[in-house]
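**Q** What follows is a predicted structure for the sequence shown.
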Amino acid sequence: MADNELDNLWASAVSHRTYEVYQAGFKAYALFIATCSSIWSSSLPPISEELLLRFVAHCHKHQNLRYATIKTYLCGVRFMYLKAGVPNPWTLGNLTRLHTIVGAVKRQQGCAVYVRLPITSSILTKLCHLLDQGVFTSSLNIMLKAVCCLAFFAFLRCGEFTCDRFSPHVNLCFNSVVFASDLSSLILTLQSSKTDPFRKGVNIVLHRMNTAICPVHNMLTYMYHRKQSGTSPHDPLFVSPSGSALSRKFFIQCLKTLLSMAGYDDKAYNGHSFRIGAATSAASKGVPDHMIQTLGRWTSTCYTRYIRTSQVSIREAQIAMAQK
């Protein structure tokens, strides 16, 4: 029991998403060592600065990984050896050679510019119209419409409404959404998020509006549909056709299909485009900067903590965002 509790604490040392990436980085390192015909008797593969240098070169030349990914993989290797309490290059001394080679990768690759276009309210409306016409199956159309509208108006990051490994203690559950008695609004509870590392929970209030992309109406429709097929409070809020929690990969595939059908370059959009689009749409409609920061839960400036934002103001801002 004590070992399980300790493992849970190690998993909580970083965010759920970061822990998954760290695990992927360590697996990549272990696979690299195995391909070098190295055999080890312990649970961890051999490690040294020289091996790490060769691992970086392998990731750069043969795996075509970007600098940021390689750096994260190294952090994953460091984390796993730290967790095991095994002496490693990071605890034994200076890693000047490794830092130099990683810097060389960065210089060779240059500054990559990734274009992530916003999914604005007008684009969202087009996507919803396509779903109404029956692009996928009926249940998938209903779910995707609810997901897209919720992601847009709640300024959600992709990792906040999708997951690769579902946990009812971390991810959105069916009981994460509570409607007002008069169905005029809903409260979405995020159990964990990027700006809530201690998992205190964040409540996001969304108000009903007279538009096809209304998040309250579309979530009502979706959740009623789910209830008909049977569900429990701690089941994933959004599910794929197989019944498993909605994964990032599956959602992005569906999103790109919709964008392509709507005439957009699907390569320029990803799951984060809803959050970007929400901020873009809000700004274009004259929503004040401090309100956008409140809606998006940004903490880059401290002045917003002194602003008391009423629900009336939030409702007006969300309605303004829905206007074409």
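**A** The structure has been received and is ready for your questions.

**Q** So Gln133 versus Gly103, what's the distance?
**A** Gln133 sits 51 Å away from Gly103, going by Cβ to Cβ, to the nearest Å. Every residue, glycine included, has its C-beta placed from N, CA and C.

**Q** What about Gln133, how many residues nearby?
**A** When neighbours are counted by other Cβ atoms under 10 Å, Gln133 registers 9.

**Q** Break the chain down into its domains, please.
**A** Residue ranges of the domains in the chain are recorded as 2-109, 121-285, according to automatic domain parsing.

**Q** Which of the ones you listed sits closest to Ala320?
**A** With respect to Ala320, and counting by Cβ to Cβ, the nearest of the domains of the chain is domain 121-285 at 4.3 Å.

**Q** ranges for the helices of the stretch 51-200 of the chain?
**A** Taking DSSP state H, counting those that start in this stretch to define them, one finds helices in the stretch 51-200 of the chain at 67-84, 89-92, 96-109, 121-132, 138-153, 158-161.

**Q** Dump those helices to JSON lines, plus mean neighbour count.
**A** Formatted as JSON lines, the entries for those read as follows, by neighbours: other Cβ atoms under 10 Å:
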{"stretch": "helix 67-84", "mean neighbour count": "19"}
{"stretch": "helix 89-92", "mean neighbour count": "15"}
{"stretch": "helix 96-109", "mean neighbour count": "13"}
{"stretch": "helix 121-132", "mean neighbour count": "19"}
{"stretch": "helix 138-153", "mean neighbour count": "23"}
{"stretch": "helix 158-161", "mean neighbour count": "22"}
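
**Q** Which of those sits closest to Arg315?
**A** helix 138-153 (10.9 Å).

**Q** From the chain's centroid, how far away is the closest one?
**A** Mean-position distance between helix 138-153 and its chain equals 16 Å (Cα atoms, centre = their mean, to the nearest Å).

**Q** do the same with stretch 54-71
**A** 23 Å.

**Q** Over to stretch 9-26?
**A** For stretch 9-26 - counting by Cα atoms, centre = their mean - the centre lies 14 Å from the chain centre.

**Q** Stretch 129-141 now?
**A** Put simply, stretch 129-141 sits 24 Å off its chain's centre (Cα atoms, centre = their mean).

**Q** Extract the CA atoms of that stretch and return them as CSV.
**A** Once non-C-alpha atoms are left out, stretch 129-141 reads as follows in CSV (Å, rounded to 0.1, in the frame of the first residue of the first chain):
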residue,chain,number,x,y,z
HIS,A,129,-24.0,23.3,-39.6
LEU,A,130,-22.0,20.5,-41.2
LEU,A,131,-22.6,18.3,-38.1
ASP,A,132,-26.3,19.1,-38.3
GLN,A,133,-26.3,17.8,-41.9
GLY,A,134,-24.9,14.4,-40.7
VAL,A,135,-21.2,14.2,-41.5
PHE,A,136,-20.7,11.3,-39.0
THR,A,137,-23.1,9.1,-37.1
SER,A,138,-25.9,10.8,-35.3
SER,A,139,-24.4,10.3,-31.8
LEU,A,140,-21.0,11.4,-32.9
ASN,A,141,-22.4,14.5,-34.6
